[in-house]
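K.L.:
how does the following fold in three dimensions:
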Amino acid sequence: MKTARYWHLRDDRLIECDLCPRHCRIADGKHGACLVRQRQGDELFAAAYGLICGLAVDPIEKKPLYHFLPGSSVLSFGTVGCNLLCGFCQNFHMSRAAEIEGTCVTPEAIADAAVEYECQSVAFTYNEPSVFLEFAVDTAKVCHERGLKTVAVTNGWIEPDPRKEFYAHMDAANVDLKAFTDRFYQQLCGATLQPVLDTLIYIRNETSVHLEVTTLLIPGWNDSPAEIDAMTKWAVANLGPDVPWHFSAYRPTIKWNEAPPTPLQTLLDAKSIAELNGLNRVHLGNVGIAA
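P.N.:
Numbers count the residues shown, from 1 in each chain. Purely as a prediction, here's the structure:
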């Protein structure tokens, strides 16, 4: 474990975590909703620091990033924990793990592995990287020293101060804009929409980070033509017509099957709406066609 950043001790002796908009108030011996920001005494610790439970060499397109180092390999890794509570999460065994565990590695070891396997970049992915911000930043620094690029695959739900530090060390990001309504974020993720929109605008306007966006379309929840229309109009107005957008298909899991699989036509319709609204780089994912 390592001492966490972005928290303060309140007058009532609770520690308030300032990493994400949830602002968990944590008693001694307890943890935040992300499971990995843990209090011991009057200090908050990053309990998942250096403990990875997923590691693989992927094509960069799998992140998905279609316009950043195309055709290259990326070393992907994650820990446990997440600050959202999405029932439909495909990696729930990591994001909502009952215990904090994993293989202990150093930032140097990750960079060494990326070089050994001829990767051009390292991705913080599989679970939400902002909850292991300290380890991600330390690893990114070493990666940059070795000439490697860094990639964040993230939900974008983070407060302004840690956001500034986090993206200062990233070269590319794929932000998961899960929907364009607070109803979706509140009911399915236990979160809110506006901080994610703020992160997208921040990355686009205040950094040099390459940005792509992914939206998983779940039938009956966020796939209506009206919502796709509003979301993509917002994207063109606030992020520009050239931001790459990925619409991907939902598949039920044993943990959450409250919607059927996303029909291909739904994705094709979303792509058509996005392009009519001016988005120039629209891609489809988790379907058996080249898109």
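K.L.:
which residues in the chain form helices?
P.N.:
With DSSP state H as the criterion, the chain has helices at 92-95, 107-116, 133-145, 160-167, 182-184, 194-206, 225-239, 264-276.
K.L.:
any buried residues in stretch 99-116, and which?
P.N.:
Residues Ile100, Gly102, Val105, Pro107, Ile110, Ala111, Ala113, Ala114, Val115 are the ones in stretch 99-116 that count as buried (16 or more other Cβ atoms under 10 Å). Every C-beta, even on glycine, is put in place using the N, C-alpha and C of the backbone.
K.L.:
and what of stretch 37-54?
P.N.:
37-39, 44-54.
K.L.:
if we can go back for a sec, how about the buried residues of stretch 99-116 in a markdown table, adding pLDDT?
P.N.:
Formatted as a markdown table, the entries for the buried residues of stretch 99-116 read as follows, by pLDDT from 0 to 100:
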| residue | pLDDT |
| --- | --- |
| Ile100 | 87 |
| Gly102 | 92 |
| Val105 | 97 |
| Pro107 | 98 |
| Ile110 | 98 |
| Ala111 | 98 |
| Ala113 | 98 |
| Ala114 | 98 |
| Val115 | 98 |
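K.L.:
thinking again about what came up before, out of the helices of the chain, which is closest to Asn127?
P.N.:
Taking Cβ to Cβ as the criterion, Asn127 comes closest to helix 92-95 out of the helices of the chain, the separation being 4.7 Å.
K.L.:
the buried residues of stretch 37-54: which two are farthest apart?
P.N.:
Checking the buried residues of stretch 37-54 with Cβ to Cβ, the most distant pair is Arg39 and Gly54, at 26.0 Å.
K.L.:
Pro21: what's it in contact with?
P.N.:
Contacts for Pro21 were tallied using Cβ atoms under 8 Å, 6 or more residues apart in numbering; they are Trp157, Ile158, Glu159, Ala191, Thr192, Pro195.
K.L.:
now swap in Thr232 and tell me
P.N.:
Trp245, Ile273, Ala274, Asn277, Gly278, Leu279.
K.L.:
so how many other residues sit close to the fourth one?
P.N.:
Think Asn277. Here the number of neighbours of Asn277 (other Cβ atoms under 10 Å) works out to 19.
K.L.:
in space, what's closest to it - neighbours in sequence excluded?
P.N.:
Counting by Cβ to Cβ, 6 or more residues apart in numbering, the nearest residue to Asn277 once its immediate chain neighbours are dropped is Thr232, at 4.4 Å.
K.L.:
measure the one you found to Val175 for me?
P.N.:
Spatial separation of Thr232 from Val175 under the definition Cβ to Cβ, to the nearest Å is 15 Å.
K.L.:
which residues touch the longest strand along the chain?
P.N.:
Using DSSP state E to define each element, the chain has its longest strand at strand 210-217. Residues outside strand 210-217 that contact it (Cβ under 8 Å, 6+ apart): 64-68, 88, 171-179, 200, 203-204, 222-223, 231, 235, 239, 243-250, 262, 266-267, 270, 285.
K.L.:
tell me the confidence at the residue lying closest to Gly41 once chain neighbours are set aside?
P.N.:
Computed as Cβ to Cβ, 6+ apart, the closest residue to Gly41 that is not its neighbour in sequence is Asp28, at 6.4 Å. pLDDT, Asp28: 97.
K.L.:
Gln38 is in contact with Asp28, correct?
P.N.:
No: between Asp28 and Gln38 there is no contact under Cβ atoms under 8 Å: 10.2 Å.
K.L.:
where does pLDDT dip in the stretch 151-291 of the chain?
P.N.:
Counting by pLDDT under 70, the stretch 151-291 of the chain contains low-confidence residues at 288-291.
K.L.:
what is the end-to-end distance of stretch 60-80?
P.N.:
Using Cα to Cα, to the nearest Å, the end-to-end distance of stretch 60-80 comes out at 22 Å.
K.L.:
only the buried residues of it, if you could.
P.N.:
Neighbour-count burial for stretch 60-80 [16+ other Cβ under 10 Å]: 60-61, 63-69, 73-80.
K.L.:
for that stretch, what is the average pLDDT?
P.N.:
97.
K.L.:
not counting its neighbours along the chain, what's nearest Ala152?
P.N.:
Ala173 (4.4 Å).
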